[in-house]
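> this one's structure only:
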Ligand SMILES: Nc1ncnc2c1ncn2[C@@H]1O[C@H](COP(=O)(O)OP(=O)(O)O)[C@@H](O)[C@H]1O
Ligand SMILES: O=c1ccn([C@@H]2O[C@H](COP(=O)(O)O)[C@@H](O)[C@H]2O)c(=O)[nH]1
């Protein structure tokens with residue numbers, strides 16, 4: 001018999017509810033890189049999307065649409081993308097609730113060069129056992145904070161973050177140096193101090209030095225493996241035809257979910 005539980009007033013089957021992990025931290029702290037390392041260590045990278053047990057979603061997919069005057073500001077580095085009001089909180093919450101209810105959903109990808117969502121370029125998020133949700137303000141909104149089963153904060157020195165951000169924004173996001181520095185000094189840094197940094201207190205695990213901290217990442221991976229093994233055990237006890245297991249060596253277990 002599957003347990004029935006309530007998530008924000010909605011009834012869902014606990015059996016299907018993924019383990020939702022929030023990953024926060026300042027810009028360029030290494031949130032995506034930490035998530036990538038976790039996925040790699042769990043053997044979840046080179047596989048078909050429908051087979052994944054662990055998926056990663058970025059909060060950037062939930063930036064709200066800008067009007068033309070906001071886009072003009074953004075192009076000059078004068079729009080505050082680090083303020084909570086830059087996000088579509090309701091859509092973020094609705095999507096996470098769909099995910100927690102074990103439903104497939106579509107999320108848009110974000111185009112940093114044009115400061116806009118790509119509505120025609122959505123990613124399908126198939127039901128998974130573990131979902132990583134990463135972004136600068138994933139712990140800011142109380143109703144979203146409540147949804148996480150585990151909260152990680154990537155704590156990287158701010159000079160290191162600025163250095164990485166300058167390189168990344170120029171090389172990958174089509175910005176020039178003046179624009180990056182103007183935006184950083186006027187919006188990114190003050191908003192980090194006002195909105196992101198205070199949410200560190202909600203974290204269960206703080207990861208100093210981000211992806212360089214292999215000890216912390218290994219501990220988190222171990223915790224996720226235990227969750228997956230327990231779920232697998234209870235699934236196989238019910239002789240589920242939907243999951244197959246392959247053990248490749250003593251440390252790695254590959255799970256396949258058949259939809
Ligand atoms: N430990 C690290 N050492 C060197 N470069 C890193 C490290 N972690 C991240 N980076 C680089 O810094 C930039 C930002 O990292 P990313 O993981 O995208 O941060 P975030 O998701 O927090 O914005 C990327 O270009 C990435 O390759
Ligand atoms: O159009 C945009 C949207 C966002 N940003 C900046 O991105 C970071 C958040 O992404 P990280 O990967 O966590 O760095 C945020 O600080 C915004 O300032 C942007 O510049 N333009």
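Great, that's in hand. Treat the numbers as computed from the prediction; the structure is a model and nothing was measured. Ligands and ions are numbered 1, 2, ... in the order given.

> And whatever residue of the stretch 101-250 of the chain ends up closest to ligand 2, how far from residue 185?
Nearest residue of the stretch 101-250 of the chain to ligand 2 (CB to the nearest ligand atom) works out as residue 115 at 3.6 Å. Glycine gets a C-beta too; all of them are placed from N, C-alpha and C. Here the criterion is CB to CB, to the nearest Å. By it, residue 115 lies 19 Å from residue 185.

> So which of these two has more stuff around it?
Between residue 115 and residue 185, residue 115 has the larger neighbour count (other CB atoms under 10 Å), namely 18 against 12.

> got the phi/psi numbers for the residue of the stretch 101-250 of the chain closest to ligand 2?
Residue 115 adopts backbone torsions of phi 50, psi 50, taken as degrees, to the nearest 10.

> for the stretch 151-259 of the chain, what spans make up the strands?
205-208, 243-247, 253-257 (DSSP state E, counting those that start in this stretch).

> weakest of those strands in terms of mean pLDDT?
Among those, strand 243-247 carries the lowest mean pLDDT, at a mean of 40.

> ok, back up a step: assess the claim that the residue of the stretch 101-250 of the chain closest to ligand 2 and residue 76 are in contact.
No: here residue 115 lies out of contact with residue 76, judged by CB atoms under 8 Å, at a distance of 11.1 Å.

> so what secondary structure elements neighbour the longest strand seen in the chain?
Using DSSP state E to define each element, the chain has its longest strand at strand 116-125. If contacts are counted by 3 or more CB pairs under 8 Å, 6 or more residues apart in numbering; DSSP states H and E, strand 116-125 sits against strand 105-111.

> Now the strand it packs on: average pLDDT?
The average pLDDT for strand 105-111 rounds to 94.

> Please apply the same query to stretch 168-178.
On average, stretch 168-178 scores 94.

> Outside of it itself, list whatever touches it.
For stretch 168-178, contacts defined as CB atoms under 8 Å, 6 or more residues apart in numbering pick out 28, 77, 112-113, 166, 179-180.

> Pick the one among these closest to ligand 1.
The closest of these to ligand 1 turns out to be residue 28 (CB to the nearest ligand atom; 4.0 Å).

> Verify the assumption that that closest one is located in a helix.
No: the assignment for residue 28 by DSSP: H, G, I helix; E, B strand; the rest coil gives coil, which leaves it out of any helix.

> so how many other residues sit close to the nearest residue to residue 124 once chain neighbours are set aside?
Residue nearest to residue 124 in three dimensions, not counting chain neighbours: residue 106, with 5.7 Å by CB to CB, 6 or more residues apart in numbering. By other CB under 10 Å, 11 other residues sit near residue 106.

> Equivalent analysis for the one 10 residues further on, please.
Neighbouring residues of residue 116 were enumerated by other CB under 10 Å; the total is 15.

> thought it was touching residue 68?
No: the criterion here is CB under 8 Å, and residue 116 misses it with residue 68 at 11.2 Å.

> contacting residues for the residue of the stretch 151-259 of the chain found nearest ligand 1?
Closest contact between the stretch 151-259 of the chain and ligand 1, by CB to the nearest ligand atom, is at residue 164 (3.7 Å). Neighbouring residues of residue 164 by CB under 8 Å, 6+ apart: residue 28.

> and residue 23, which of the three is it?
Under three-state DSSP, the three-state class of residue 23 is strand.

> my read: it touches residue 36, true?
No: in this structure, residue 23 is not within contact of residue 36 by CB under 8 Å, at 11.0 Å.

> more neighbours, the two?
Neighbour totals were compared for residue 23 and residue 36, and residue 23 leads with 30 against 15 (other CB under 10 Å).

> Quick check: pLDDT value at the closest residue to the more buried one other than its chain neighbours.
Distances taken as CB to CB, 6+ apart put residue 134 closest to residue 23, at 4.0 Å, once the chain neighbours are dropped. We have a pLDDT of 98 for residue 134.

> Please apply the same query to residue 239.
pLDDT at residue 239 comes out at 47.

> Could you give the secondary structure assignment for the residue nearest to residue 128 when sequence neighbours are not counted?
Spatial nearest neighbour of residue 128, chain neighbours left out: residue 55 (4.5 Å); criterion: CB to CB, 6+ apart. Of the three states, residue 55 takes strand according to three-state DSSP.

> Sounds good, over and out.
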